[in-house]
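> return a 3D structure for these sequence lines:
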Amino acid sequence: MTAHAEANLADELTAHAVASIEAADHFALPFPHIVFRDFFPADSYQYRVRHAPDRGVRSDHRHGNAHGSAPLWR
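Numbers count the residues shown, from 1 in each chain. The predicted structure follows:
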């Protein structure tokens, strides 16, 4: 991919993400949260799903720790 094509792709992905963020729904219940719909373009999302590592490769990357609390990010 050329530098120009990469820049265009980055601009398209950014514009798509910004539109998703601007159209996001926010809710207070059952806890405060935001829902982003179609954050990635459909073709980009499908590519990411098809090329995701096998489940066994990701098994060490779980949310939380053995005690059920979320890790602290600094």
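
> point out where this structure drops to low pLDDT.
The chain contains residues with pLDDT under 70 at 55-74.

> for it, longest helix please?
helix 3-22 (DSSP state H).

> check which element follows it along the chain.
Downstream of helix 3-22, the next assigned helix or strand under DSSP states H and E is strand 25-27.

> summarise which helices and strands that next one is packed against.
strand 33-35 (3 or more C-beta pairs under 8 Å, 6 or more residues apart in numbering; DSSP states H and E). Every residue, glycine included, has its C-beta placed from N, CA and C.

> partners of the strand it packs on, with directions?
strand 25-27 (antiparallel) (DSSP bridges).

> next, the buried residues of the strand it pairs with.
Residues of strand 25-27 include none that count as buried (16 or more other C-beta atoms under 10 Å).

> ditto for stretch 28-42
Under 16+ other C-beta under 10 Å, the buried positions of stretch 28-42 are residue 40.

> stretch 5-24 too?
In stretch 5-24, counting by 16+ other C-beta under 10 Å, buried: 16, 20.

> switch to numbering from 851
That works, and once the first residue is 851, the last one we named lands at stretch 855-874.

> and the contacts of the longest helix of the chain?
851, 886, 887, 888, 889, 890, 891, 894 (C-beta atoms under 8 Å, 6 or more residues apart in numbering).

> if you set the cut-off to 6 Å instead, what comes out?
886, 888, 889, 891 (C-beta atoms under 6 Å, 6 or more residues apart in numbering).

> with secondary structure and distance to residue 859 added, can I get these in a markdown table?
Listed next are the contacts of helix 853-872 as a markdown table, based on DSSP: H, G, I helix; E, B strand; the rest coil; distance: C-beta to C-beta, whole Å:
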| residue | secondary structure | distance to residue 859 |
| --- | --- | --- |
| 886 | coil | 20 |
| 888 | coil | 17 |
| 889 | coil | 16 |
| 891 | coil | 10 |
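
> got the residues you listed as JSON lines, with distance to residue 861 columns?
Listed next are the contacts of helix 853-872 as JSON lines, based on distance: C-beta to C-beta, whole Å:
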{"residue": "886", "distance to residue 861": "19"}
{"residue": "888", "distance to residue 861": "17"}
{"residue": "889", "distance to residue 861": "16"}
{"residue": "891", "distance to residue 861": "12"}
